[in-house]
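A.B. asks: Pasting the sequence and the predicted coordinates here, then a few questions.
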Amino acid sequence: VYPFIPYQFNLLGSVLTSIRIYGASGKSLSEGERSMLALFQESAIHFMDEDLGFLIPFNVFYDSLDKFIDHSHRSVIIKAADNEKLEEFDVEVLKVLFMIKYVKEIKAKPENLTTLMISNINEGVIDLRKKIEKSLQRLVGETLIQKNGDIYSFLTDEEQDINRAIKNIPI
C-alpha cells in the first residue's frame with residue numbers, strides 16, 4: 001500500500017461517511033469504494049515523483065474532498081488560508097481537524113494529529129509534534145478551533161461566532 005499507511009483506508013472511509021452525513025454538499029459523494037479509489041488515485045498521481053521514504057500525510061486527502069464539502073465548512077478553510085496571522089502548515093492542521101471532526105474512532109489530540117501528518121519514514125516525530133502544537137495554539141488564538149482538555153475540534157462559522165461572543169462577555 002506504499003506510500004499510503006494502512007490505517008488511512010478505514011479512516012478515510014469514516015471521513016467520507018461523516019461528510020455524507022454532516023456536509024450537505026457531501027451527500028452527492030457516491031457511497032463507498034469508488035470515492036475512496038478516486039481519493040487515493042488523485043493523491044498517488046500528485047505525489048508520484050516523490051523520493052523513496054515519502055508517505056502521504058492525511059491532510060492531502062482534503063484537496064480531493066474540497067469540491068464535495070458544504071460552504072459552511074469550506075469557508076473556514078478558505079478564510080484560514082487568507083489569514084495573515086496563520087502559516088500554511090496551520091491550514092493543513094485545520095484540514096485534518098475538519099476531516100476527523102465527526103469521526104468517533106479518533107480523538108483530535110496532538111499525538112494523533114502527529115501520526116496523521118507524518119510525511120516521511122525518517123521524519124522527526126518530536127519536531128513534527130512541536131510544530132503541530134504551535135499551529136494548534138495559533139488556530140485556537142484565531143478561534144478557528146476549540147480546545148477541550150487535550151482534544152481539539154474544528155469550528156464551523158456558526159460555532160466560531162458563538163465562541164467569539166462568549167470570549168467577549170466580561171466576567
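C.D. replies: Cool, the structure landed. Numbers count the residues shown, from 1 in each chain.
A.B. asks: Now the residue nearest to the spatial centre of the chain. Nearest residue, chain neighbours left out?
C.D. replies: Per CA atoms, centre = their mean, the C-alpha nearest to the average position across the chain is that of residue 96, at 1.2 Å. Nearest non-adjacent residue to residue 96, counting by CB to CB, 6 or more residues apart in numbering: residue 59, 4.9 Å away. Every C-beta, even on glycine, is put in place using the N, C-alpha and C of the backbone.
A.B. asks: OK, contacts around that neighbour?
C.D. replies: Contacts for residue 59 (CB atoms under 8 Å, 6 or more residues apart in numbering) come out as 92, 93, 95, 96, 99, 116, 117.
A.B. asks: and what of residue 131?
C.D. replies: residue 89.
A.B. asks: Residue 96 and residue 77: what is the separation?
C.D. replies: 11 Å (CB to CB, to the nearest Å).
A.B. asks: Test my guess that residue 144 contacts residue 160.
C.D. replies: Yes: the pair residue 144 and residue 160 qualifies as a contact (CB atoms under 8 Å) at a distance of 6.8 Å.
A.B. asks: who touches both of those two?
C.D. replies: residue 76.
A.B. asks: ok, the two, which is more surrounded?
C.D. replies: residue 144 (25 against 18; other CB atoms under 10 Å).
A.B. asks: Give me the phi and psi for that one.
C.D. replies: Note on residue 144: its backbone torsions stand at phi -90, psi -20 [degrees, to the nearest 10].
A.B. asks: do the same with residue 154
C.D. replies: Dihedral angles (degrees, to the nearest 10) for residue 154: phi -70, psi 140.
A.B. asks: Spatially, what comes nearest to it if we skip its sequence neighbours?
C.D. replies: Residue 154's closest residue in space is residue 97 (CB to CB, 6+ apart), at 4.1 Å.
A.B. asks: so what does whichever strand or helix holds that neighbour touch, helix or strand wise?
C.D. replies: If you go by DSSP states H and E, residue 97 is part of helix 88-100. Packing partners of helix 88-100 (3 or more CB pairs under 8 Å, 6 or more residues apart in numbering; DSSP states H and E): helix 7-22, helix 61-65, helix 71-82, helix 110-117, helix 125-141, strand 151-154.
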